[in-house]
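>>> coords please:
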Amino acid sequence: MPDITHSRSTGILLHPTSLPGPFGIGDLGKTAYQFADFLVASGQSLWQVLPLGPTGYGDSPYACYSAFAGNTLLISPELLVTKNLLATEEVTPLVTDSDEQIDFVRVHQHKEAILRNAFARFKSSSPLQLKEEFQKFCTEQQGWLDDYGLFRALKEVNSGRPWNEWLPALVKRNKSEINQAREAFAHRIEAHKFSQFLFFQQWCDLKSYCNKSGIKLIGDIPIFVAQDSADVWTNPDQFKLDENGAPTVVAGVPPDYFSKTGQLWGNPIYNWDQMLTDGFAWWIQRIRSSFKMFDVVRVDHFRGFAACWEIPAGDKTAERGAWVEAPGEELFTSVKHALGELDVIAEDLGVITPDVEKLRDDFGFPGMRVLQFAFGGDAKNSDLPHNYIRNSVAYTGTHDNDTTVGWFDDEGQEGATRTANEVRREHNFCLRYLHSDGNQINWDFIRALMQSVSNRVVIPLQDVLGLGSEARMNLPNSTTGNWLWRFRTGALNDSSSARLREMAQTYGRLPDKS
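Next comes the predicted model:
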């Protein structure tokens, strides 16, 4: 069992795409380092991010082209100038309609053009040392990188179509056809591999800076991967697919707090029987890779390791799904034997049954407590701070929740999961519980968590800034308007920093060196 005697700590949830900057999307450059400095000044020692993979359709970080690759939209053009991969005049800002919303279409076009220029410069005039570093990266990451580069090249020449709509020989990875494709598209493949090299170089530099400053990085592993991904294309036997590579069942959750018809995610379901026979090799490789990037990893939808909600492929909602058992005990035992004790957070939200709790507790993983979920029941609600346990991680809300101010301002809407009367009852209970007048509800939430016994507290930056629903990151079961939010340059002020630090100090959450 892991050591659960973590010192009391606190941190911020902020995806790097939400950082400000001149290129239409946050990146791993100057503003990321400035945010790390803000965390230090504020007495914070944790920075939690969403998955950092290359996003596909919808630009969701939970639907990536690879479980191993990085999101090259996060590469800082300014840092490429310092590597002599771009000239200053080639790094032009991207002017968009709003500094607080990402225009992903334009960002993709702008960043991809910049990366093409950087690769051309690398090929024509880079010093030997950089070429050697790139070759070393390619050798070390060969287990996933070669196939990922080929996957992205083939998507390009197939007009972006999903892999199971390519030529049958490529769908089934005929050896001769694959070798021909590697040769025919070698330049495209190398360009994608080079972009991955740049991403991981910048990410590792940022992680090193954070760690030296006393900040631990919390990453996120989505339990499922996207159907249109290099992972499924190269490992079809690990998933429940038909002979044409299409899923026979897909993932989701039944009707819940967020949706009356459940959530239809559409990801393929793992072929757990096959994974058992090969000792969960793919999962072990995935988790090993994640812990090279992060100090702590949150495992999303942890309950899916006890049982998955399997929905017949082709259904339009999640209502006709069924719970099907998964071998979580065997999986995490194999991971432990291969990798040792790991600092894992179990995202144990949703329909939690005794088998899920047992799986979590058998391995000593802390679960999550979300204060926005606390006020719909009575005093026994496990999300109320007086019911927290030390081995837990407390949040005001997650990336799937509204902001705390938005939650409090909600009056109940037609078609929502809560009626107007239920919303009023929750709000009244909330105000009584927190001894609050509601004027600074975000800070009342933060203080309640800081006071709690939970070893770790994580606060979405939107709640530190007191922002409303316009800053919401994601609305589950919706397909538009998500993942867009960015905070304004100058929004991180001395007042909020001092207030966070005062609370961290008062409630024993300052880093040891502070």
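>>> contacts and neighbour counts: CA atoms only from here.
OK.
>>> Name the SS class of S195, please.
helix (DSSP: H, G, I helix; E, B strand; the rest coil).
>>> Assess the claim that R488 and P20 are in contact.
Yes: in this structure, R488 is within contact of P20 by Cα atoms under 8 Å, at 6.0 Å.
>>> which of these two has more neighbours?
Between R488 and P20, P20 has the larger neighbour count (other Cα atoms under 10 Å), namely 23 against 15.
>>> does that one sit in a helix, a strand or a coil?
The three-state label given to P20 by three-state DSSP is coil.
>>> Next one: it from V464, what distance?
16 Å (Cα to Cα, to the nearest Å).
>>> same thing with E422?
Relative to V464, and taking Cα to Cα, E422 is found at 26 Å.
>>> neighbour-wise, which of these two wins?
Neighbour count, other Cα under 10 Å: between E422 and V464, V464 has more, with 19 against 15.
>>> close enough to count as contact, that one and S495?
No: the pair V464 / S495 is not scored as a contact, 10.6 Å apart, by Cα under 8 Å.
>>> most distant residue from the middle of the chain?
S176 (36.5 Å; Cα atoms, centre = their mean).
>>> Same question for the host helix or strand of that one: list its buried residues.
If you go by DSSP states H and E, S176 is part of helix 175-184. Going by neighbour count (16 or more other Cα atoms under 10 Å), the buried part of helix 175-184 is I178, A181, R182.
>>> What pLDDT is listed against T417?
At T417, the model reports a pLDDT of 65.
>>> Assess the claim that E411 and R424 are in contact.
Yes: judged on Cα under 8 Å, E411 makes contact with R424 at a distance of 7.3 Å.
>>> just the strands in the chain please.
9-13, 46-48, 216-221, 249-253, 263-268, 296-299, 307-312, 322-325, 344-346, 367-370, 392-395, 456-460 (DSSP state E).
>>> for those strands, which one sits closest to W163?
strand 263-268 (13.8 Å; Cα to Cα).
>>> The residue nearest to H427 when sequence neighbours are not counted and Y257: what is the separation?
Leaving out its chain neighbours, the residue that sits closest to H427 by Cα to Cα, 6 or more residues apart in numbering is F408, at 6.8 Å. Per Cα to Cα, F408 is found 16 Å from Y257.
>>> Who has more neighbours out of these two?
Taking other Cα under 10 Å, F408 and Y257 do not tie; F408 has more neighbours (20 against 12).
>>> what's in contact with stretch 171-178?
W163, N164, E165, A169, L170, W233, T234, N244, G245 (Cα atoms under 8 Å, 6 or more residues apart in numbering).
>>> now the residues you listed: which count as buried?
W163, N164, L170, W233, T234, G245.
>>> out of those residues, which are inside helices?
L170, W233, T234 (DSSP state H).
>>> got those residues as JSON lines, with pLDDT and distance to T317 columns?
Below are these laid out as JSON lines (pLDDT from 0 to 100; distance: Cα to Cα, whole Å):
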{"residue": "L170", "pLDDT": "97", "distance to T317": "31"}
{"residue": "W233", "pLDDT": "98", "distance to T317": "25"}
{"residue": "T234", "pLDDT": "98", "distance to T317": "28"}
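>>> could I get these as TSV with distance to K131?
Shown next, in TSV, are those (distance: Cα to Cα, whole Å):
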residue	distance to K131
L170	31
W233	29
T234	28
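>>> how far away is the spatially closest residue to F134 that is not a sequence neighbour from G468?
Take F134 and drop its neighbours on the chain: the residue closest to it by Cα to Cα, 6+ apart is F197, 6.4 Å away. For F197, the distance to G468 equals 37 Å [Cα to Cα].
>>> quick revisit: overlap in contacts of R488 and P20?
D99, E100.
>>> Find the residue ranges of the stretch 1-150 of the chain scoring beneath the pLDDT cut-off.
Residue ranges of the stretch 1-150 of the chain with pLDDT under 70: 1-6.
>>> er, the stretch 251-400 of the chain I mean
Using pLDDT under 70, the stretch 251-400 of the chain drops low at 258.
>>> L73 and H110 touch, don't they?
No: with contacts counted by Cα under 8 Å, L73 stays clear of H110, the gap being 9.4 Å.
>>> Quick check on those two: which one has the bigger neighbour count.
Neighbours were counted for L73 and for H110 using other Cα under 10 Å; L73 has more, 27 against 18.
>>> OK, contacts around the closest residue to D410 other than its chain neighbours?
Nearest non-adjacent residue to D410, counting by Cα to Cα, 6+ apart: V423, 7.6 Å away. V423 sits next to D410, E411, G412 when contact means Cα under 8 Å, 6+ apart.
>>> was I right about V296 contacting E341?
No: V296 lies out of contact with E341 (Cα under 8 Å); the separation is 11.4 Å.
>>> Who has more neighbours out of these two?
Set V296 next to E341 and count neighbours by other Cα under 10 Å: V296 wins out with 20 against 14.
>>> who's the residue nearest to the more buried one when sequence neighbours are not counted bridged to?
Once flanking residues are discounted, V296 sits nearest to I218: 4.6 Å by Cα to Cα, 6+ apart. Note on I218: beta-bridge partners Q48, V296, judged by DSSP bridges.
>>> Can you get me a residue count around I218?
24.
>>> so what's it up against?
I218 neighbours (Cα under 8 Å, 6+ apart): L46, W47, Q48, V49, F294, D295, V296, V297, R298.
>>> And the fifth one, its phi and psi?
Read that as F294. phi -130, psi 160 (degrees, to the nearest 10).
>>> residues touching it, list them.
F294 touches K207, K216, L217, I218, G219, counting by Cα under 8 Å, 6+ apart.
>>> The first one too?
For L46, the set of contacting residues under the criterion of Cα under 8 Å, 6+ apart consists of S9, T10, G11, I12, L39, I215, K216, L217, I218, V458.
>>> Provide the partner residues of the last one in its beta bridges.
This points to V458. Bridge pairing for V458 - DSSP bridges - gives G11, Y395.
>>> Check what pLDDT N401 gets.
In this prediction N401 is given a pLDDT of 96.
>>> Touching, it and G468? I think so.
No: the criterion here is Cα under 8 Å, and N401 misses it with G468 at 11.5 Å.
>>> For the residue lying closest to R360 once chain neighbours are set aside, which residues count as its bridge partners?
Closest residue to R360 apart from its sequence neighbours, by Cα to Cα, 6+ apart: A346 at 6.9 Å. Note on A346: beta-bridge partners by DSSP bridges are V299.
>>> who touches A346 in this structure?
Counting by Cα under 8 Å, 6+ apart, A346 has contacts R298, V299, D300, H301, F302, R360, F365, P366, G367, M368.
>>> Show me what the last one bridges to in the sheet.
The reference is to M368. With DSSP bridges as the rule, M368 is bridged to V393.
>>> Contact partners for it?
By Cα under 8 Å, 6+ apart, the neighbours of M368 are I345, A346, E347, D348, L349, S392, V393, A394, Y395.
>>> One more: F429?
Taking Cα under 8 Å, 6+ apart, one finds F375 in contact with F429.
>>> so what pLDDT did it get?
pLDDT, read off for F429, is 97.
>>> Can you report how many residues neighbour the nearest residue to F445 once chain neighbours are set aside?
In space, and not counting its chain neighbours, F445 is closest to T396: 6.2 Å by Cα to Cα, 6+ apart. For T396, the count of nearby residues is 26 (other Cα under 10 Å).
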